[in-house]
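Colleague: The sequence isn't on hand, but the structure is:
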């Protein structure tokens, strides 16, 4: 199981509660498989992190883990070992914005 | 007295959530519920005429895009429904602000129009401009692409707020006829349930575009009709208040003695087809009321002769705007009129506009106001 930190708006929308969500993202977890698992458990999140048709990350969203920015890596790259082991979460982060 | 037995539910969309304001038929004491969907932009929410407990809401943010919500209990609880809006076929391009081709891209839902007869059927007007329909209560959405494939589509251009399909008016006398409006393309009508469309902009004059009387390119802000005379349409255009006697075949100006004919909203009295309301705004460069006086103008003659309605409205230092979705009327015996402002006020009149009082005055900027008259 991997841990995924979901932005607050999406935690409210999916009623996940305040903490991280734990997901089975397969034997070799990637950003893609993590998002697949997230959307499978919470279908209302489809389209809120990545485009439903193209799969493209939404412009105001980034992915981080273990202090690294994964946003521009291939979504099929293996996630870092600490994320795979559950020691560290995959962070889905919304841009800081005012207004 | 009928008004003692019935009530109203005012649905308010704001920059940071939705609010539901309810009152009995006297419309003097109000309950406020919300914010629903706190922090999200609620461009529009509207109830089904066929089932007043069925509501639909358009929820979005820049971070997370479009979410659609449905309520089956009058807004007490909500559930997310389908938010996949995929253009039919290869969408091609429309014009960008500078006249260059720009690909059609889904951005958000501006307007929701539930069917007059079926609670599970609802239309959605989106940006970039297109019309979608759901027949399964919002779970899936399908484009009525005959509109976007109207031959003029590649020439449509966005207004400052985006290229949005913001107005959908269903003809209560003809289930196959509906009217839509797009900023800044103009008004269109279908007579076959949405399969084919034609532009209905004859008589509109927009001096700020290269051909002021072009078939398309007009920035229509709002269209309204009265169910008893559905062939008569009223329009608040970017500039000019317009009227059509023939379902949009042609239009003539009825701005008359308005202090300015720029504005966004227009609506019709529930029981008097020739009584209409607008809120004049100083100009397209200064989106606030003239002289800092918030005035609704009413015409009892279907336009041209207008009277200012000021009782209870701020008459000094008021610099709010009233956006295109932000006026509605109820159908109680004494017609109620409602509008919301970018300053967060929602004003109500329970006497057809003669006097006004704020229901709330500190909400986030109001984007839309709808009202349901409850049995």
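Modeller: Sure thing, it's come through. Note that this is a predicted model, so its numbers are computed, not measured.

Colleague: Next, the contact list for residue B:171, please.
Modeller: B:177-179, B:225, B:230, B:247 (CB atoms under 8 Å, 6 or more residues apart in numbering or on different chains). Backbone N, C-alpha and C define where each C-beta goes, glycine included.

Colleague: Tell me the residues of chain A that contact chain B?
Modeller: A:7, A:9-10, A:12-13, A:44, A:46-49, A:52-53, A:58, A:60-61, A:94-95, A:97 (CB under 8 Å from any CB of the partner chain).

Colleague: Show only the entries of those found in strands.
Modeller: Judged by DSSP state E, the subset of these located in strands is A:61, A:94.

Colleague: which of the residues of chain A next to chain B count as buried?
Modeller: Buried by 16 or more other CB atoms under 10 Å in any protein chain shown: A:7, A:9-10, A:12-13, A:44, A:46-49, A:52, A:58, A:60-61, A:94, out of the residues of chain A next to chain B.

Colleague: Out of those residues, which two sit at the greatest distance?
Modeller: With CB to CB as the measure, no two of those lie farther apart than A:12 and A:52, at 20.2 Å.

Colleague: quick check, nearest of the buried ones among the residues of chain A next to chain B to residue B:97?
Modeller: residue A:60 (22.3 Å).

Colleague: The closest one against residue B:62, yeah?
Modeller: Yes - using CB atoms under 8 Å, residue A:60 is in contact with residue B:62, at 5.5 Å.

Colleague: Common neighbours of the two, please.
Modeller: With CB under 8 Å, 6+ apart, residue A:60 and residue B:62 have common neighbours residue A:97.

Colleague: Nearest spatial neighbour of residue 71, chain-adjacent residues omitted?
Modeller: Unless you meant another one, I'm taking chain A. residue A:62 (4.2 Å; CB to CB, 6 or more residues apart in numbering or on different chains).

Colleague: nope, chain B please
Modeller: residue B:55 (4.2 Å).

Colleague: Name all residues that make contact with the one you found.
Modeller: Per CB under 8 Å, 6+ apart, neighbours of residue B:55: B:11, B:45-48, B:70-71, B:74-75.

Colleague: mind running it again at 7 Å?
Modeller: Counting by CB atoms under 7 Å, 6 or more residues apart in numbering or on different chains, residue B:55 makes contact with B:11, B:45, B:47, B:71, B:74-75.

Colleague: Per-residue pLDDT of the residue nearest to residue A:71, please?
Modeller: According to the predicted model, the pLDDT of residue A:62 comes to 96.

Colleague: Specify the beta-bridge partners of it.
Modeller: Beta-bridge pairing for residue A:62 (DSSP bridges): residue A:93.

Colleague: That one and residue A:93 touch, don't they?
Modeller: Yes - under the criterion of CB atoms under 7 Å, residue A:62 makes contact with residue A:93 at 5.0 Å.

Colleague: before we move on, the earlier item: TSV please, covering the contacts of residue B:55 and showing pLDDT and secondary structure.
Modeller: Shown next, in TSV, are the contacts of residue B:55 (pLDDT from 0 to 100; DSSP: H, G, I helix; E, B strand; the rest coil):
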residue	pLDDT	secondary structure
B:11	98	strand
B:45	98	strand
B:47	98	strand
B:71	98	strand
B:74	97	coil
B:75	98	coil
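
Colleague: Let me know the pLDDT of residue 57.
Modeller: Just so you know, I chose chain A. Reported pLDDT for residue A:57: 97.

Colleague: I was thinking of chain B, sorry if that wasn't clear
Modeller: With respect to pLDDT, residue B:57 has a value of 98.

Colleague: just to revisit the earlier point, now flag whichever of the contacts of residue B:171 is closest to chain A.
Modeller: residue B:178 (27.1 Å; CB to the nearest CB).

Colleague: Tell me the spacing between that closest one and residue B:169.
Modeller: 6 Å (CB to CB, to the nearest Å).

Colleague: Helices along the chain, start to end?
Modeller: Using chain A here. Along chain A, counting by DSSP state H, helices occupy A:8-14, A:31-41, A:81-84.

Colleague: meant chain B, my bad for not saying
Modeller: B:2-5.

Colleague: Can you get me a residue count around residue 92?
Modeller: By default, I'm working from chain A. Using other CB atoms under 10 Å in any protein chain shown, the number of residues around residue A:92 comes to 23.

Colleague: I was after chain B.
Modeller: Neighbours of residue B:92 using other CB under 10 Å come to 13.

Colleague: What residues does it make contact with?
Modeller: So residue B:92 contacts B:104, B:154 (CB under 7 Å, 6+ apart).

Colleague: ok, 10 Å please
Modeller: B:101, B:103-104, B:148-149, B:153-154 (CB atoms under 10 Å, 6 or more residues apart in numbering or on different chains).

Colleague: Flag the least confident of the residues you listed.
Modeller: Lowest pLDDT among the contacts of residue B:92: residue B:149, 88.

Colleague: where does residue B:187 sit relative to chain A, distance-wise?
Modeller: Separation of residue B:187 from chain A (CB to the nearest CB, to the nearest Å) stands at 30 Å.

Colleague: Contacts only, for that residue.
Modeller: Counting by CB under 10 Å, 6+ apart, residue B:187 has contacts B:167, B:169, B:179-181, B:199-201, B:204, B:216, B:218, B:220, B:223, B:233, B:235, B:237, B:242, B:244, B:248, B:251.

Colleague: again, 8 Å this time
Modeller: Counting by CB under 8 Å, 6+ apart, residue B:187 touches B:179-181, B:199-201, B:218, B:220, B:223, B:235, B:248.

Colleague: Reformat those residues into TSV and put distance to residue B:295, pLDDT and neighbour count next to each item.
Modeller: Converted to TSV, those look like this (distance: CB to CB, whole Å; pLDDT from 0 to 100; neighbours: other CB atoms under 10 Å in any protein chain shown):
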residue	distance to residue B:295	pLDDT	neighbour count
B:179	28	98	25
B:180	29	98	29
B:181	24	98	30
B:199	33	97	21
B:200	30	98	26
B:201	29	97	27
B:218	26	95	28
B:220	23	97	30
B:223	22	98	23
B:235	20	98	29
B:248	28	98	26
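
Colleague: ok, of the contacts of residue B:92, which come out buried?
Modeller: Using 16+ other CB under 10 Å as the burial test, those include B:104, B:148-149, B:153 as buried.

Colleague: And those residues, which two are furthest apart?
Modeller: The span of the buried ones among the contacts of residue B:92, defined through CB to CB, is set by B:104 and B:149 at 11.1 Å.

Colleague: before we move on, the earlier item: kindly indicate which of the contacts of residue B:55 lies nearest chain A.
Modeller: Distance to chain A across the contacts of residue B:55 (CB to the nearest CB) is lowest for residue B:71, with 14.6 Å.

Colleague: Nearest residue to residue B:150 in space, please, no chain neighbours.
Modeller: The nearest residue in space to residue B:150 (CB to CB, 6+ apart) is residue B:197, at 5.0 Å.

Colleague: per-residue pLDDT, that neighbour?
Modeller: At residue B:197, pLDDT is 97.

Colleague: Report the contact partners of the residue of the stretch 201-350 of chain B found nearest chain A.
Modeller: Among all residues of the stretch 201-350 of chain B, residue B:342 sits closest to chain A, at 13.3 Å; criterion: CB to the nearest CB. With contacts defined as CB under 8 Å, 6+ apart, residue B:342 is in contact with B:320-323, B:365-366.
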